[in-house]
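Chemist: Sharing a model that was predicted from the sequence below.
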Amino acid sequence: MKKIMELSLKKCWVGETEKIVYDTREEAEVAAKVAEYDHGGKFGVYKCEYGDHWHLTSLSH
Ligand SMILES: [Zn+2]
């Protein structure tokens, strides 16, 4: 069984929003797929302008 290690998730403040940090694009893309499955809609990944890591963004609406 694969479990997301929530304790190890890093966070980054982007404006007023605290976002989960992904170290690699691959990791973020996997998380985007999971988010699409869990929440529906479409998610994309982008490189953070404040650090060397990646975030998810919702592409729907
Ligand atoms: Zn960031």
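Modeler: Good, I have the coordinates.
Chemist: How about the residues of this structure by the ion?
Modeler: For the chain, the residues in contact with the ion (CB under 5 Å from the ion) are Cys12, Cys48, Tyr50, Gly51. Bear in mind the C-beta positions are built from the backbone N, C-alpha and C, glycine included.
Chemist: Let's have these in TSV, adding pLDDT.
Modeler: Converted to TSV, the residues of the chain next to the ion look like this (pLDDT from 0 to 100):
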residue	pLDDT
Cys12	92
Cys48	93
Tyr50	86
Gly51	88
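Chemist: Among those, which are located in helices?
Modeler: Of those, none are assigned to helices by DSSP state H.
Chemist: separation between the residue nearest the centre of the chain and Glu26?
Modeler: Nearest to the geometric centre of the chain sits Leu56, at 3.5 Å (CA atoms, centre = their mean). Applying CB to CB, to the nearest Å, the value for Leu56 to Glu26 is 13 Å.
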